[in-house]
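K.L.:
Here is a sequence together with a model predicted from it:
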Amino acid sequence: NAGVTQTPKFRVLKTGQSMTLLCAQDMNHEYMYWYRQDPGMGLRLIHYSVGEGTTAKGEVPDGYNVSRLKKQNFLLGLESAAPSQTSVYFCASSPHTSVGSYEQYFGPGTRLTVT
Amino acid sequence: DAKTTQPPSMDCAEGRAANLPCNHSTISGNEYVYWYRQIHSQGPQYIIHGLKNNETNEMASLIITEDRKSSTLILPHATLRDTAVYYCIVRVLRNRKLIWGLGTSLAVNP
């Protein structure tokens, strides 16, 4: 199993440009998440999904959109990139269990710079 | 939402046990404690989780106090590869989110 993969690994954008980050998981997990990590701060949740076709806002959703058209993929879109969106973006997935406890599996990250 | 408090940094000698403390005094009775670590700038890695009993797996042990207000992650024989930032997290039940703090930066020294 590849686990959680992210595409691309690095990207430089100019202010106002748009792009889509792709996250894929091959573990048949129900839940998927997008986080950003900035220096001196913990991971902050942008959006998450509890199943195919459903998404929800996290702590810092402004400026981002997401889609979960297929269970294995979770896309994060930046419609008009801003320098404040310079960050490392991590995708994660987790299984649904009847007990309610679960762990998240993370991808390697995408390093995005907006100039 | 329950929050956690961890020391910003710790040192440990290679081969010795590393004991990482975490305070979560506002934890609710059915909230789990999770531990993750992040090596360099890689994606975080799940280590262990628990509710109220002590837990052990191949990576670490988790000791939770009886009142559940604090816990300790134990790496029994730390190696240089255990140098990482360790995060203690309490899971928010109603929306399944994990609230991440700044963690403890553990340096394992030769």
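P.N.:
That came through, no problem.

K.L.:
just checking, next helix/strand downstream of the helix or strand bottoming out on mean pLDDT in chain B?
P.N.:
Across the helices and strands of chain B, mean pLDDT, DSSP states H and E gives its lowest value to strand B:97-98, namely a mean of 72. The helix or strand immediately downstream of strand B:97-98 is strand B:104-109, counting by DSSP states H and E.

K.L.:
That following strand: how far from the chain's middle?
P.N.:
Distance of strand B:104-109 from its chain centroid, counting by Cα atoms, centre = their mean, to the nearest Å, is 13 Å.

K.L.:
Is there any residue in that strand that contacts chain A?
P.N.:
No. Counting by Cβ under 8 Å from any Cβ of the partner chain, no contacts exist between strand B:104-109 and chain A, the nearest distance being 11.9 Å. Just so you know, the C-beta spots here come from the backbone N, C-alpha and C atoms, and that holds for glycine as well.

K.L.:
Adjacent strands (with direction) for that strand?
P.N.:
The pairing partners recorded for strand B:104-109 under DSSP bridges are strand B:9-13 (parallel), strand B:84-92 (antiparallel).

K.L.:
Minimum distance to residue A:37: which of those has it?
P.N.:
If you check each of those against residue A:37 by Cβ to Cβ, strand B:84-92 wins as the nearest, at 10.6 Å.

K.L.:
So which bits of chain A are right by chain B?
P.N.:
For chain A, the residues found near chain B under the criterion Cβ under 8 Å from any Cβ are A:4, A:31, A:35, A:40-45, A:48, A:50, A:56, A:58-59, A:88, A:90, A:92, A:100-109.

K.L.:
Just give the closest residue to residue B:47, not the sequence neighbours.
P.N.:
Spatially, and ignoring its direct neighbours in sequence, residue B:47 is nearest to residue B:35 (4.4 Å; Cβ to Cβ, 6 or more residues apart in numbering or on different chains).

K.L.:
Report whether the one you found is found in a strand, as I expect.
P.N.:
Yes. Counting by DSSP: H, G, I helix; E, B strand; the rest coil, residue B:35 is found in a strand.

K.L.:
Please tell me I have it right and it contacts residue B:85.
P.N.:
No. In this structure, residue B:35 is not within contact of residue B:85 by Cβ atoms under 8 Å, at 11.4 Å.

K.L.:
more neighbours, these two?
P.N.:
More neighbours sit around residue B:35 than around the other of residue B:35 and residue B:85, counting by other Cβ atoms under 10 Å in any protein chain shown; the figures are 25 against 19.
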